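Trainee: for reference, the sequence and a predicted model appear below.
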Amino acid sequence: MLKAIPFIMLDGKAEEAIRFYEEALGATILFKQTFGESPGGEKLSETERARLAHSILRIGDTELFAADIDADFPYKEGNQVNICLTTPDVNQSKRFFQALQQGGQVNIPLGEVHFSPAYGVVTDRYGVTFQIFTVKPE
């Protein structure tokens, strides 16, 4: 099943934000992982380990993702909200990534990572950033 999920990217305030959305919007936190809990997290500074790598919130019948921007990428006003295209099909992820990069910019090349067989980030020709996320088969 293909999903397009809003993804809020913050700079060290994601944990605070999800607690706020929990209170303000009645959100339920379904998943939360820090950079320190990710593979290689032990190599990070204490501050970087505490940053939120990913969270999933349920608000009514919808999902919202929230995380802190990786310390390797600059945070700037205007790039706080991405769209995460989530699919179980690696080939579909490749097609989306190829299409969106035409006239755009590849931020993270599509490839296998510890949480996905095909993940990448691309900003399209209109300045909209998409995270392409392929769900691991169970």
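Mentor: Everything's here; your move. Numbering: from 1, shown residues only.

Trainee: nearest spatial neighbour of Asp124, chain-adjacent residues omitted?
Mentor: Nearest residue to Asp124, sequence neighbours excluded (CB to CB, 6 or more residues apart in numbering): Gly104, at 4.3 Å. Yep, even glycine has a C-beta here, placed from its N, CA and C like the rest.

Trainee: do Val135 as well
Mentor: Pro88 (4.7 Å).

Trainee: got a list of what the one you found touches?
Mentor: Met1, Thr134, Val135, Pro137 (CB atoms under 8 Å, 6 or more residues apart in numbering).

Trainee: any low-confidence regions in this protein?
Mentor: 77-79 (pLDDT under 70).

Trainee: tell me where it has strands.
Mentor: 3-10, 28-34, 52-59, 62-68, 81-87, 105-113, 116-123, 129-134 (DSSP state E).

Trainee: correct me, but the residue nearest to Asp124 touches Thr123?
Mentor: Yes - taking contacts as CB atoms under 8 Å, Gly104 lies within contact range of Thr123: 5.3 Å.
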